[in-house]
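> just coords:
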């Protein structure tokens with residue numbers, strides 16, 4: 001299956017778009033870097049360079065030296081921006097508080113999201129970071145790039161920004177860290193007209209949708225994550241660029257229950273590929289795993305002697321619903337009890353495969369701890385077909401948004417609203433009947449609360465009719 005965008009993609013050729021020569025891009029030696037000192041004392045920041053792990057401080061120093069040697073005439077904002085940034089960070093460590101402040105709304109014409117305004121409250125001490133606005137760039141589906149694109153993006157940010165990029169935080173965007181207000185419109189023009197690239201989401205809107213590799217690279221993918229992600233990104237442009245929600249809202253797309261972009265933990269609506277028929281079993285391959293002819297886990301655990309593969313211990317006993325067993329040398333699965341956890345498939349990928357009647361599950365309300373604690377998504381729709389133009393999925397999304405925008409409090413995520421009203425109310429909003437699988441545990445009190453429409457005759461009673469049926 002080949003993913004095709006709705007319009008022809010612009011081909012970017014770095015040799016035509018580049019700003020800096022090779023000599024300018026590689027303008028310092030390792031010896032110069034070793035002797036380079038930031039203009040502010042930063043002993044606590046430099047502690048972060050110790051130890052075995054890569055350090056953003058070491059990378060920042062590289063950027064600072066690179067900018068210093070480029071010279072101010074080859075840059076559109078102050079060349080000292082990274083050095084001042086490290087100086088302010090040192091003071092934040094020292095004072096135990098941040099020195100960034102929000103100085104009002106800042107953005108580009110026509111968009112309410114995509115630019116995060118940031119200002120320093122120590123502007124006299126660190127003038128080159130008086131403004132330090134962040135731009136979110138909508139990453140391509142599954143984060144596939146070519147080097148021409150990345151080099152053009154890096155040149156643009158060296159020239160008009162701080163040179164610092166954060167490639168794919170929890171939302172998924174490309175994050176361009178730090179520029180001045182007067183550079184926002186030129187950067188936006190370059191992104192949209194040269195790179196053919198849109199801004200991502202920020203603020204109380206739909207955040208940039210994110211998906212896994214899907215069918216492009218993964219044999220387990222049950223849905224075309226790239227096509228679904230692309231369709232919903234383009235279809236909901238207004239919700240992405242013009243904040244009108246109570247708070248942020250995230251879509252994330254996983255091709256299978258392995259959940260490689262962690263949609264179950266991070267997305268207000270998680271779309272997770274699944275299947276509703278039986279797991280496909282190659283019994284000959286099962287025997288080959290048992291005999292040690294095929295390495296389990298795709299060879300991921302080689303390098304240490306774990307002993308002979310034990311299908312009972314490593315697969316059957318670890319099944320969360322105990323729906324697997326061996327019978328006459330064959331692996332048997334009670335598929336109606338299977339919860340699609342993928343453990344058995346991951347351990348024996350050449351013996352087991354997802355079914356062929358594929359679609360997706362929709363889980364709602366996952367988030368990190370903001371107002372309430374962290375929450376995982378709750379499974380509301382166990383199976384739905386995912387086929388273009390995805391009208392069945394859009395219908396569920398819009399019912400959810402209508403309710404959330406009507407009832408949600410300021411800065412209240414969908415998961416907190418569901419928690420406040422209860423799952424029965426959310427099911428009523430979506431028009432979905434409840435299922436036993438949605439119940440976390442049996443009731444712990446004896447009371448049943450009826451709705452008036454469920455009671456014959458409603459709440460009103462005719463006393464004469466009652467006495468006729470209950471004579472003294």
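Yep, it's here. As the structure is a prediction and not an experimental result, all values here were calculated from the model. Numbering: from 1, shown residues only.
> only C-alpha atoms for contact and neighbour calcs from this point on.
Fine.
> quick one: residues contacting the closest residue to residue 295 other than its chain neighbours.
Leaving out its chain neighbours, the residue that sits closest to residue 295 by CA to CA, 6 or more residues apart in numbering is residue 289, at 6.8 Å. Going by CA atoms under 8 Å, 6 or more residues apart in numbering, residue 289 touches 295, 296, 309, 348.
> can you count the residues close to the last one?
For residue 348, the number of neighbouring residues by other CA atoms under 10 Å comes to 20.
> and the first one, by the same measure?
Residue neighbour count, defined by other CA under 10 Å, stands at 20 for residue 295.
> next one: phi and psi at it?
Phi and psi for residue 295, reported as degrees, to the nearest 10, are phi -80, psi 130.
> coming back round to it: secondary structure added to the contacts of residue 289, as a markdown table?
Below are the contacts of residue 289 laid out as a markdown table (DSSP: H, G, I helix; E, B strand; the rest coil):
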| residue | secondary structure |
| --- | --- |
| 295 | coil |
| 296 | helix |
| 309 | coil |
| 348 | coil |
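> of all those, which two lie farthest apart?
Within those, 309 and 348 form the most distant pair, 10.6 Å apart (CA to CA).
> between the two, what contacts are shared?
Counting by CA under 8 Å, 6+ apart, the contacts common to residue 309 and residue 348 are 289, 296.
> ok so, going back, now the helix or strand containing the residue nearest to residue 295: average pLDDT?
If you go by DSSP states H and E, residue 289 is part of helix 283-290. Helix 283-290 shows a mean pLDDT of 97.
> how about that helix: buried residues?
For helix 283-290, a neighbour-count test (16 or more other CA atoms under 10 Å) marks 285, 286, 287, 289, 290 as buried.
> how about the residues you listed in TSV, adding distance to residue 140?
Listed next are those as TSV, based on distance: CA to CA, whole Å:
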residue	distance to residue 140
285	37
286	39
287	42
289	39
290	42
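> looking at those, which is nearest residue 79?
When those are compared against residue 79 (criterion: CA to CA), the nearest one is residue 289, at 59.7 Å.
> count of neighbours near the closest residue to residue 71 other than its chain neighbours?
Nearest non-adjacent residue to residue 71, counting by CA to CA, 6+ apart: residue 79, 7.0 Å away. By the criterion of other CA under 10 Å, residue 79 has 27 neighbours.
> ok so residue 79 is a strand residue?
No: applying three-state DSSP, one finds residue 79 to be coil, outside a strand.
> for it, grab phi and psi.
Main-chain dihedrals, residue 79, degrees, to the nearest 10: phi -70, psi -20.
> show me the contacts for the closest residue to residue 284 other than its chain neighbours.
Using CA to CA, 6+ apart and skipping the chain neighbours, the partner closest in space to residue 284 is residue 351 (7.7 Å). By CA under 8 Å, 6+ apart, the contact set of residue 351 is 281, 282, 283, 284, 285, 286, 345.
> for residue 409, same thing?
residue 246.
> ok, it to residue 416 distance?
Distance, residue 409 to residue 416, by CA to CA, to the nearest Å: 10 Å.
> mind listing the shared neighbours of the two?
Counting by CA under 8 Å, 6+ apart, no residue touches both residue 409 and residue 416.
> check which residues of the longest helix anywhere in the chain are buried.
Longest helix of the chain, by residue count under DSSP state H: helix 391-407. If you call a residue buried by 16+ other CA under 10 Å, then helix 391-407 has these buried ones: 393, 400, 401, 404.
> helices or strands up against that helix?
On a contact count with 3 or more CA pairs under 8 Å, 6 or more residues apart in numbering; DSSP states H and E, helix 391-407 meets helix 414-421, helix 423-430.
> any chance of JSON lines for those helices, columns distance to residue 96, mean pLDDT and mean neighbour count?
Shown next, in JSON lines, are the helices and strands packed on helix 391-407 (distance: least, CA to CA, whole Å; pLDDT from 0 to 100; neighbours: other CA atoms under 10 Å):
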{"stretch": "helix 414-421", "distance to residue 96": "31", "mean pLDDT": "95", "mean neighbour count": "18"}
{"stretch": "helix 423-430", "distance to residue 96": "41", "mean pLDDT": "94", "mean neighbour count": "15"}
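> from residue 268, how far off is the residue lying closest to residue 414 once chain neighbours are set aside?
The shortest distance from residue 414 to any non-neighbouring residue, by CA to CA, 6+ apart, is to residue 365 (5.3 Å). To residue 268, residue 365 is 4 Å away according to CA to CA.
> pull up the overlap in contacts between the two.
Residues touching both residue 365 and residue 268 (CA under 8 Å, 6+ apart) are 377, 413, 414, 415.
> helix/strand/coil for residue 166?
strand.
> ok, what's across the strand from it?
residue 175 (DSSP bridges).
> which ones are touching it?
Contact analysis of residue 166 by CA under 8 Å, 6+ apart lists 174, 175, 176, 177.
> of all the residues you listed, which comes closest to residue 86?
For those, the nearest to residue 86 is residue 177 (13.4 Å; CA to CA).
> for that closest one, which non-adjacent residue is closest in space?
residue 134 (4.7 Å).
> could you report the separation of residue 140 from residue 234?
12 Å.
> between those two, which has more neighbouring residues?
residue 140 (19 against 11).
> ramachandran angles for the spatially most central residue of the chain?
Nearest residue to the geometric centre of the chain (CA atoms, centre = their mean): residue 171, 4.5 Å. Main-chain dihedrals, residue 171, degrees, to the nearest 10: phi -80, psi -30.
> same check, this time on residue 55
phi -130, psi 140.
> and the one 3 residues further on, by the same measure?
Dihedral angles phi and psi of residue 58 (degrees, to the nearest 10) take the values phi -60, psi -40.
> picking that back up, from the buried residues of helix 391-407, which two are the most distant?
Within these, two members stand farthest from each other by CA to CA: 393 and 404, at 16.8 Å.
> list the contacts of the helix or strand containing residue 64.
Here residue 64, judged by DSSP H and E, is contained in helix 56-70. Contacting residues not belonging to helix 56-70 are listed as 24-28, 33, 36, 38, 45-46, 48-49, 79-83, 86, 163-164 [CA under 8 Å, 6+ apart].
> could you rerun that using 7 Å?
Helix 56-70 is contacted by residues 24, 27-28, 33, 45-46, 48-49, 79-80, 82-83, 163 when judged by CA atoms under 7 Å, 6 or more residues apart in numbering.
> with stretch 438-450 instead?
Applying CA under 7 Å, 6+ apart, the external contacts of stretch 438-450 come out as residue 379.
> try 10 Å this time
With contacts defined as CA atoms under 10 Å, 6 or more residues apart in numbering, stretch 438-450 is touched by 378, 379, 380, 381, 382, 423, 424, 436, 458, 459.
> and the furthest pair within those residues?
382 and 459 (34.9 Å).
> compare those two (neighbour count), which wins?
When neighbours are counted by other CA under 10 Å, residue 382 and residue 459 differ, and residue 382 comes out ahead with 17 against 11.
> helix, strand or coil for the more buried one?
Following three-state DSSP, the label given to residue 382 is strand.
> and it, what does it touch?
Residues near residue 382 by CA under 10 Å, 6+ apart: 272, 274, 275, 276, 359, 360, 361, 362, 363, 435, 437, 438.
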